[in-house]
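**Student:** my questions are about this predicted structure, shown below with the sequence.
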Amino acid sequence: MKCRRCKAPAVIDIRRHNAAFCLDCFLHHCREQVRKAIHEYKMFSPEDRVLVAVSGGKDSLALWDLLVDLDYEVDGLYLGLGIGEYSTESGVHTRQFAAERGLKLHEVDLPSDHGFDIPGAAQVTRRSPCGACGLSKRHLFNSTALEHGYDVVATGHNLDDEAAVLLGNVLRWDTGYLGRQHPVLPATPGFVRKVKPLVRLGERETAAYCVLRGIDYQVEECPMAEGNRHLGYKEVLNALEDRSPGSKAAFLFGFIERGHERFAGDAEHERDELGACTVCGAPTPGDVCAFCRLRSQVGALQIEVR
Ligand code: Q46
Ligand code: ZN
């Protein structure tokens, strides 16, 4: 197997691209895919201040590394979820990555800053931990970016993640979510811009990128992920990809190019109906936002919720 670019012995093959690369050319390929995504979808410019949401896993650390390498002004944000050993180790990997490179890292800790953790929230609400986790992440990434004056929040969602989310949204024909599923969500009142620069890279590529760059990431999966629907969608898509390489990318990019626009109106309609949370001021369709309601349910906030 030879490198497509320089003909040296290859270290990785990417069936979707029908290509193999040597170490240097693979790193170049990853940078090019991220550069392309940023330009193609007009994610941000060198003048923008970017906050990367880092979990300590392969995707977010690869993203931070790639953006620094491409000379963008990027700081990190780590959110402590209070998921036992998993969170402790994720924090260690993230802090170590930032310290070794002299990068600025913001930290928000759910237990000490907001009075609850994800396993506790799941127990009290009797809902899936990922529900409480996802809404806390969305809320805190946005509010922290606003508080510190960042223009953009970048997350490490890769091609596999986005294709799995799309499959879930299509299976439920959730038109509001389909209207919001795009590599760039523009800023609207109360929300900073959200971008996904890894959308052109698969998770096998981000893992290989970290290994080849010597990035020490959290290899353990979150223990709360078990039974999560998202993992099932990934398995289905992997089986399809095995049979016909490139089908995952065709599914996702076909939607972005030809499907997304048709649902954009549904997302806009939902956005127009937002007011301000009476507790924290975040945009919300009701009186109190989902994050403040969660805090009140777990007993970390005393409010009357109708
Ligand atoms: S961290 Fe949170 Fe994930 Fe764990 S609880 Fe679910 S959503 S699985 S990316
Ligand atoms: Zn609120």
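**Tutor:** The structure has been received and is ready for your questions. Ligands and ions are numbered 1, 2, ... in the order given.

**Student:** what about I303, how many neighbours?
**Tutor:** 12 (other C-beta atoms under 10 Å). Backbone N, C-alpha and C define where each C-beta goes, glycine included.

**Student:** thought it was touching F291?
**Tutor:** No: applying C-beta atoms under 8 Å, one finds I303 not in contact with F291, separated by 12.0 Å.

**Student:** do stretch 47-62 and ligand 1 meet?
**Tutor:** No: judged by C-beta under 6 Å from any ligand atom, stretch 47-62 stays clear of ligand 1, getting no closer than 7.0 Å.

**Student:** in the helix or strand hosting S143, what's buried?
**Tutor:** Using DSSP states H and E, the element containing S143 is helix 129-147. The neighbour-count check on helix 129-147 (16 or more other C-beta atoms under 10 Å) flags 129-130, 132-133, 135-146 as buried.

**Student:** and if you look at stretch 223-236?
**Tutor:** Buried residues in stretch 223-236, counted by 16+ other C-beta under 10 Å: 224, 233-234.

**Student:** same for ligand 1: which of those are within range?
**Tutor:** With C-beta under 6 Å from any ligand atom as the criterion, those include M224 near ligand 1.

**Student:** save the buried residues of stretch 223-236 as TSV, and put in distance to ligand 2, pLDDT and secondary structure too.
**Tutor:** Formatted as TSV, the buried residues of stretch 223-236 follow (distance: C-beta to the ion, whole Å; pLDDT from 0 to 100; DSSP: H, G, I helix; E, B strand; the rest coil):
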residue	distance to ligand 2	pLDDT	secondary structure
M224	23	92	helix
Y233	30	96	helix
K234	32	96	helix
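
**Student:** re the thing from before, any idea how far the helix holding S143 is from the chain center?
**Tutor:** Helix 129-147 has its C-alpha centroid displaced from the chain centroid by 11 Å (C-alpha atoms, centre = their mean, to the nearest Å).

**Student:** quick check, it touching ligand 2?
**Tutor:** No: counting by C-beta under 5 Å from the ion, ligand 2 is not contacted by helix 129-147; separation bottoms out at 7.5 Å.

**Student:** with respect to Q96, which of the buried residues of stretch 223-236 is nearest?
**Tutor:** Nearest to Q96 among the buried residues of stretch 223-236 is M224, at 23.3 Å by C-beta to C-beta.

**Student:** helix or strand next in line after the helix or strand containing V52, which one?
**Tutor:** Taking DSSP H and E as the definition, V52 sits inside strand 50-54. Counting by DSSP H and E, the next helix or strand C-terminal to strand 50-54 is helix 58-69.

**Student:** contacts for the strand holding V52?
**Tutor:** By C-beta atoms under 8 Å, 6 or more residues apart in numbering, the residues outside strand 50-54 that reach it are 44, 60-61, 63-64, 67, 72-79, 94, 97, 105-106, 137, 141, 144-145, 148, 150-156.

**Student:** run the last query once more with 6 Å
**Tutor:** For strand 50-54, the external contacting residues (C-beta atoms under 6 Å, 6 or more residues apart in numbering) are 44, 60, 63-64, 72, 74-78, 94, 141, 145, 150, 152-155.

**Student:** and if you look at stretch 106-120?
**Tutor:** Stretch 106-120 is contacted from outside by 77-83, 129, 132-133, 140, 144, 298, 300, using C-beta under 6 Å, 6+ apart.

**Student:** what does stretch 175-187 give?
**Tutor:** Here stretch 175-187 makes contact (C-beta under 6 Å, 6+ apart) with 41, 43, 169, 193-196, 199, 260, 263-264, 266-267, 270.

**Student:** chain neighbours aside, what residue packs nearest to the residue in the stretch 201-306 of the chain positioned nearest to ligand 1?
**Tutor:** Going by C-beta to the nearest ligand atom, ligand 1 is nearest to C222 of the stretch 201-306 of the chain, at 3.1 Å. Spatial nearest neighbour of C222, chain neighbours left out: Y86 (5.8 Å); criterion: C-beta to C-beta, 6 or more residues apart in numbering.
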